[in-house]
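Q: show me how the following folds:
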Amino acid sequence: MATVTHLNTLEGRRYPAGRRTRNLVGGSAPIQAHNFCMGFVELDPSGGQVPWHNHDQEEVYFLLSGEAELCLGNEISMVAAGQAVYIPSGVFHQLTNKSSSTVEMIYCYGPAGDVAHWRQELDGTLPRAGIEAPSLPAGAAEQRL
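A: Model (predicted):
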């Protein structure tokens, strides 16, 4: 029997850095997989962010709407709706909404399991760029904590 869920039935979670995340596969989602997790993220206008972090999983961000600043290692680039970005395991990354409208994206990472930055952000213990974590690339939006 198929396990089916609908995005609009998932409450999700608000994060201090200005985003709402709803797990579609893995975490608290009704659908569980062994090899990957997937979710839907809304970055608040004017600075909503997935703050500077890294993890052991490989990840892909796929932007559905809007445009955002991506910091990946020591590089900065703008990504827009329709673009997918590969994030290698262990590389620090950050995504910041630089526009006045909401950015929507899907993330997918593997293998499955929670990534520490979710809990760290909620607990106020996320490593700070340039202090407990490598510095952001020059000119990047500041890490929101």
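
Q: drop to CA atoms for contacts and neighbour counts, all remaining ones
A: Noted.

Q: residues touching the residue nearest to Ile87 when sequence neighbours are not counted, list them.
A: Nearest residue to Ile87, sequence neighbours excluded (Cα to Cα, 6 or more residues apart in numbering): Glu59, at 5.0 Å. The contact partners of Glu59, taken as Cα atoms under 8 Å, 6 or more residues apart in numbering, are 86-89, 107-110.

Q: mind redoing it with 7 Å?
A: 86-88, 107-110 (Cα atoms under 7 Å, 6 or more residues apart in numbering).

Q: do the same with Val50
A: Per Cα under 7 Å, 6+ apart, neighbours of Val50: 17, 94-96.

Q: and for Phe40?
A: Going by Cα under 7 Å, 6+ apart, the list of residues near Phe40 reads 21-23, 105-107.

Q: tell me which element it is part of?
A: Using DSSP states H and E, Phe40 falls within strand 37-43.

Q: could you export that strand as PDB, CA atoms only?
A: Extracted in PDB, the C-alpha atoms of strand 37-43 (Å, rounded to 0.1, in the frame of the first residue of the first chain):
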ATOM      1  CA  CYS A  37      15.200  12.800   3.300                       C
ATOM      2  CA  MET A  38      13.300  15.500   1.500                       C
ATOM      3  CA  GLY A  39      11.400  18.600   2.500                       C
ATOM      4  CA  PHE A  40       9.800  21.900   1.400                       C
ATOM      5  CA  VAL A  41      11.200  25.200   2.700                       C
ATOM      6  CA  GLU A  42       9.900  28.800   2.600                       C
ATOM      7  CA  LEU A  43      12.500  31.500   3.300                       C
END
